[in-house]
Each structure stands twice: as C-alpha cells, then as structure tokens.
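Enquirer: sequence plus predicted model, see below.
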Amino acid sequence: MPGTSRTYAFLGPEGTFTEAALLQVPDALQAVRVPASNVNAALDAVRDSVADAAMVPIENSVEGGVTATLDAIATGQELWIIREVLVPISFVLVARTGVRLEDVRRVSTHGHAWAQCRLWMDKNMPGAEYVPGSSTAASAVGLLDGDCQYDAAICAPLVAREHEGLSVLAENIGDNPGAVTRFVLVSRPGALPARTGADKTTVVVPLPEDRPGALMEIVDQFASRGVNLSRIESRPTGQYLGHYFFSIDADGHAGEARVADALAGLHRISPGTRFLGSYSRADRQSTPVPAHTSDEAFSAAQSWVESILAAESLAGENGSGASPKA
Ligand SMILES: O=C(O)C(=O)Cc1ccccc1
C-alpha cells in the first residue's frame, strides 16, 4: 500500500550487528524497526504478522552456522529467506567509564562474539569468566544497570560511542580481522524474489533413516544437475539421538530448471524437504551454468522425451505397436 511503511523485526536492542545488517536493506531507514530479545522472538513477530520480515544472523566466517537461526527456520510455521546481507565485524571491549582493564573479571557478550575473540581474551585476559548475553548490544547496555553482574562487554564500536557512561578498554579484539557475518531477511511465504542470475536457494532436508548412501543421494541431486553448494551442515532434529536434517545453500534460483529439478529430486528422496527461499546473493557474483544444465538444455530434453511418448501413444492408437493394453 503506498505510504504504508513496512515493519522489520531484528535481533536487538539497537546497536547489534543485526541492526547494522537491517540498515543495509533499501527501505529500512523509513521502516518501523522492532528490536527483539532473541532470534525466536524476531521470527515469531513475522509468524504472528506483527512484522513483515525479520533480520537474523545465520552464519559467520569464523564460527560457522548460527544454530539458533538454522533450527528456528527449519521447523515451525514456514518462513522464506528473501534477502541476504554480509556485514564485516569488528569488536571492542567496553566497560563503565572509570573501570580499568585490570579490574575486569567477568565479560558478557553474544556466544558468536565470544567465539570470535577467544584468542585475544586468552592472551590478554586469561582468567576472565564468560557471561552469555542475548546480543552484543544487550550485554553492553546491561553494564549501565545498577545490579549488573559482569564488568565488561564485547560489542560493536558504535554502541560504546552512543551510550554515555561506557568507555572502550580495547579495540579490534577479534581474532580474525576479515571476519564477516551473513544475515538473512525472512518473511512469510509469498512471492518468490525475481531471478537475477546471481542467486542462492536454501533448503532443509531431513536425512532418510536406515538408508545407506542417503547423504550421497541428497548431494547428488545437486551435483548431477551442475548446481554448486555453498554451505551444507547437519543439525540434530532434536527428536531423538541420531536423527538429523541437512541445511543446504545452493547456487541458483528455484525458477531455473536445473534447481527446480534438484528440488523435485530432494522431495522424492526426502518428502519432508523444506524450501526456505531463493534470493539474490549479497556478493552479486553470477552463477556459471554448465551448458548441459541450462534451461534450454532441460527444455530440449523434455521435448525429446515428450516426442517419444507421443510416438508411443500414436502406436497404441494405430494398434501397430505394443500398447500397455495389448
Ligand atoms: O549480538 C549481536 O550484535 C548480533 O547481531 C549477533 C552477532 C553476534 C556476533 C557476531 C555477529 C552477529
């Protein structure tokens, strides 16, 4: 509706890396932005139609998949990824103004931030105790509470600048200067984002049980159709020990014949396969398509098979061939 701004939920509060990712979405500055206290709450805001879409972290270059997100979108009411955003990450250590580095005993932050600063912490603050936080910004802002149970927080440089009473004790404390986190914007299923030639498709495939080679069969649905995979990870379904699903990112769009055909193959092998969206790649790198897996090759192959079947039914009509009823 013209004039109606969209509502975006995100892992908050203000100042998270997730908010930085959301601000890269073209209309996010004019939109209503609703901070959520965890990934599930952000996704539920979409499922309950409180928000049109939610930005959540899904993967980072150091620690791998954000399991809270992978699990939450693999189950429950269906959601589709409609966009991905990459954010370069740098961390600072902050404390209430006046607190010195040597006074710090307990440090709070998001689990993925802690994992990315582990070497720096071991080297510079070997005895520090980790206090899990729901986000980097929540940990930083928590320092200003009267009854705060920790002395410092790891967060984005911007958070320290925007809150009076917080001071930076150390900068660039991430172990990997090139660290990047990938975020996804998810919405309720609707119109599929248009094909751009530089797209990704995400699926969740439950591993069929007691079937030798099931994983190979799943991977082969992509390989045999020339579809490259950019991420594949297994997650326990949580139902019982040894029951897994695979979360997979493939290069290409469901509107391409080779990807659609791979999806159909996955559904045959594992009917519980869940489509999680086709969306344009954040790096805009176009996907090379081998000639024998192009839309044209698929359509020519389909016409060829149809011509064979047409000949068969003609033979049946003329009574001159071996028809199934003969
Ligand atoms: O806590 C945040 O600021 C987040 O957005 C989650 C996160 C944490 C660490 C690295 C990337 C994203």
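Expert: Now that the structure is in, tell me what you want to look at. Since the structure is predicted, the reported quantities are computational estimates derived from the model, not experimental observations. Residues are numbered from 1 along each chain as shown.
Enquirer: in which helix or strand would I find the residue in the stretch 201-326 of the chain that the ligand sits nearest to?
Expert: In the stretch 201-326 of the chain, the residue that lies nearest the ligand is residue 282 (14.8 Å; C-beta to the nearest ligand atom). Backbone N, C-alpha and C define where each C-beta goes, glycine included. Assessed by DSSP states H and E, residue 282 sits outside every helix and strand.
Enquirer: sec struct for residue 259, please.
Expert: Put simply, residue 259 is helix when judged by DSSP: H, G, I helix; E, B strand; the rest coil.
Enquirer: spatially nearest residue to it (excluding sequence neighbours)?
Expert: Among residues not flanking residue 259 along the chain, residue 252 sits closest, at 4.2 Å (C-beta to C-beta, 6 or more residues apart in numbering).
Enquirer: that older thread, quick check: the residue of the stretch 201-326 of the chain closest to the ligand touching residue 84?
Expert: Yes - if you go by C-beta atoms under 8 Å, residue 282 and residue 84 touch, sitting 4.8 Å apart.
Enquirer: shared neighbours of these two, anything?
Expert: residue 182 (C-beta atoms under 8 Å, 6 or more residues apart in numbering).
Enquirer: got the phi and psi for the residue nearest to residue 259?
Expert: phi 130, psi 170 (degrees, to the nearest 10).
Enquirer: what's near enough to touch it?
Expert: Each residue near residue 252 by C-beta under 8 Å, 6+ apart is listed here: 199-201, 227-228, 258-259, 278, 287, 289.
Enquirer: in strands only, show me these.
Expert: Among the contacts of residue 252, DSSP state E puts 199-201, 278 in strands.
Enquirer: quick check on those: which are buried?
Expert: 199-201, 278 (16 or more other C-beta atoms under 10 Å).
Enquirer: show me how far the helix or strand hosting residue 302 is from its chain's centre.
Expert: Here residue 302, judged by DSSP H and E, is contained in helix 295-318. Computed by C-alpha atoms, centre = their mean, to the nearest Å, the chain-centroid distance of helix 295-318 equals 40 Å.
Enquirer: so where do the helices sit in the chain?
Expert: Using DSSP state H, the helices of the chain run over residues 17-22, 39-47, 67-74, 111-116, 118-124, 136-142, 157-162, 214-223, 257-269, 295-318.
Enquirer: could those helices be laid out in JSON lines, adding mean neighbour count, mean pLDDT and distance to residue 246?
Expert: Below are the helices of the chain laid out as JSON lines (neighbours: other C-beta atoms under 10 Å; pLDDT from 0 to 100; distance: least, C-beta to C-beta, whole Å):
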{"stretch": "helix 17-22", "mean neighbour count": "25", "mean pLDDT": "96", "distance to residue 246": "25"}
{"stretch": "helix 39-47", "mean neighbour count": "21", "mean pLDDT": "97", "distance to residue 246": "20"}
{"stretch": "helix 67-74", "mean neighbour count": "20", "mean pLDDT": "92", "distance to residue 246": "10"}
{"stretch": "helix 111-116", "mean neighbour count": "21", "mean pLDDT": "94", "distance to residue 246": "21"}
{"stretch": "helix 118-124", "mean neighbour count": "14", "mean pLDDT": "96", "distance to residue 246": "28"}
{"stretch": "helix 136-142", "mean neighbour count": "25", "mean pLDDT": "97", "distance to residue 246": "29"}
{"stretch": "helix 157-162", "mean neighbour count": "18", "mean pLDDT": "90", "distance to residue 246": "36"}
{"stretch": "helix 214-223", "mean neighbour count": "17", "mean pLDDT": "97", "distance to residue 246": "6"}
{"stretch": "helix 257-269", "mean neighbour count": "19", "mean pLDDT": "98", "distance to residue 246": "10"}
{"stretch": "helix 295-318", "mean neighbour count": "11", "mean pLDDT": "88", "distance to residue 246": "25"}
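Enquirer: would you reformat these as a markdown table and include distance to residue 90?
Expert: Converted to a markdown table, these look like this (distance: least, C-beta to C-beta, whole Å):
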| stretch | distance to residue 90 |
| --- | --- |
| helix 17-22 | 10 |
| helix 39-47 | 22 |
| helix 67-74 | 22 |
| helix 111-116 | 10 |
| helix 118-124 | 12 |
| helix 136-142 | 11 |
| helix 157-162 | 6 |
| helix 214-223 | 35 |
| helix 257-269 | 36 |
| helix 295-318 | 42 |
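Enquirer: quick one: closest of those helices to residue 189.
Expert: With C-beta to C-beta as the criterion, residue 189 lies closest to helix 39-47 of the helices of the chain, at 10.7 Å.
Enquirer: which residues does the spatially closest residue to residue 71 that is not a sequence neighbour bridge with?
Expert: Take residue 71 and drop its neighbours on the chain: the residue closest to it by C-beta to C-beta, 6+ apart is residue 235, 6.1 Å away. Judged by DSSP bridges, the bridge partners of residue 235 are residue 245.
Enquirer: got a list of what residue 235 touches?
Expert: Contacts here follow C-beta under 8 Å, 6+ apart; on that basis residue 235 touches 65, 67, 70-71, 74, 244-247.
Enquirer: and which of those residues is nearest residue 301?
Expert: residue 246 (27.7 Å).
Enquirer: quick one: contacts for that closest one?
Expert: Applying C-beta under 8 Å, 6+ apart to residue 246 gives the contacts 204-205, 207, 215, 218, 232-235.
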